[in-house]
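S.K.: What follows is a predicted structure for the sequence shown.
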Amino acid sequence: MRRQERFLHRYGPWAVVTGASSGIGRETAVQLAAAGLHLVLVARTQPALDELAAELRSKSGVEVRVLRLDLAADSAADELASATANLDVGLLVAAAGFGTSGPFLDTPDDAEFDMLAVNCRATFALTRLFGRRFAARGRGGVILFGSVVGFQGTPHAAHYAATKAYVQSLGEALSVELAPLGVDILVSAPGPTRSGFAARAGMTMGAALSPAAVARATLAALGRRQTVLPGFLSKLLGYALATAPRWLRVRIIGGVMKGMAKRPTASAVPTG
């Protein structure tokens, strides 16, 4: 009850979750509904959104709206702004993302540009959109999703890791800049996670976290930390490499990523 009261007071009554149709986004939405927050679910797949919305209304008794939206589109932020203009939103969970793996020179151009649009441009646009709204109301929170590969260059996932480095840097800076305005910023940087992301990025996972575990650790850290590394493997990769020279970290993590890549190229598809 204490956690529910904290979330409702600090981040309620409405939350926006992108990438909500599957994986970490879906599980975060489930846990936010259990905490009593009304939800705007955003993703590209309408049937999955409708199914989740019906489930959350039935189980948690919250109000749920769905918005089918491709965050790679130039108009995505404007559409989301219009769809939520009449709602008192206090939390943004930017869980939508793309991933590719394989040789940098071989991955399809369209996939890479779309990944840049979703992972970076949409993250920027939505964080600024809701950051301004939260600052005006004097309270709120933003959860961004980085990755353990975003702390150094990552061969065999070079562009993906670079987009996550952008998210990490942006979130770290804004957690300081927006704190006096009452806005909490958190970057969640998970390691391998059991979701549709790996298959779509052309990767195979060994030991991996469940999306529910990532969501749970992430929500627990909101308002308390700048960055969270959910799960043992994420912490092991993050802390074990932290003291190594950067050039060595690049080689180590590149070797790990090369072993996970199942094929030389992969098209990127949004997790939501």
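M.R.: That came through fine. In this text the structure is predicted, and so the values were computed from the model without any measurement. Residues are numbered from 1 along each chain as shown.
S.K.: Show me where the stretch 151-272 of the chain has its helices.
M.R.: 158-177, 196-200, 211-221, 231-242, 246-260 (DSSP state H, counting those that start in this stretch).
S.K.: Against which helices or strands is the helix or strand hosting residue 111 packed?
M.R.: Using DSSP states H and E, residue 111 falls within helix 109-116. On a contact count with 3 or more CB pairs under 8 Å, 6 or more residues apart in numbering; DSSP states H and E, helix 109-116 meets helix 158-177. Every C-beta, even on glycine, is put in place using the N, C-alpha and C of the backbone.
S.K.: what does the helix it packs on rub up against?
M.R.: Contact with helix 158-177 is made by 98-101, 104, 107, 112, 115-116, 119-120, 123-124, 127, 131, 142, 144-147, 149-154, 183-187, 189, 201, 226-227, 268, as judged by CB atoms under 8 Å, 6 or more residues apart in numbering.
S.K.: Show only the entries of these found in strands.
M.R.: Using DSSP state E, 142, 144, 145, 183, 184, 185, 186, 187, 227 are the members of the contacts of helix 158-177 that sit in strands.
S.K.: give me every residue that touches the fourth one.
M.R.: This means residue 183. So residue 183 contacts 131, 134, 135, 139, 140, 141, 142, 174 (CB under 8 Å, 6+ apart).
S.K.: could you redo the last one with a cut-off of 10 Å?
M.R.: Neighbouring residues of residue 183 by CB atoms under 10 Å, 6 or more residues apart in numbering: 90, 92, 127, 130-135, 137-142, 174-175, 177.
S.K.: so where is this protein shaky, pLDDT-wise?
M.R.: Low-confidence regions of the chain, defined by pLDDT under 70, span residues 1, 193-208, 231-247, 249, 255, 257, 259-272.
S.K.: does residue 216 really touch residue 210, like I thought?
M.R.: Yes: the pair residue 216 / residue 210 is scored as a contact, 9.2 Å apart, by CB atoms under 10 Å.
S.K.: what sits against residue 79?
M.R.: By CB under 10 Å, 6+ apart, the residues touching residue 79 are 42, 67, 68, 69, 70, 71, 73.
S.K.: Apply the buried test to these and list what passes.
M.R.: If you count burial by 16 or more other CB atoms under 10 Å, the buried members of those come out as 42, 67, 68, 69, 70, 71.
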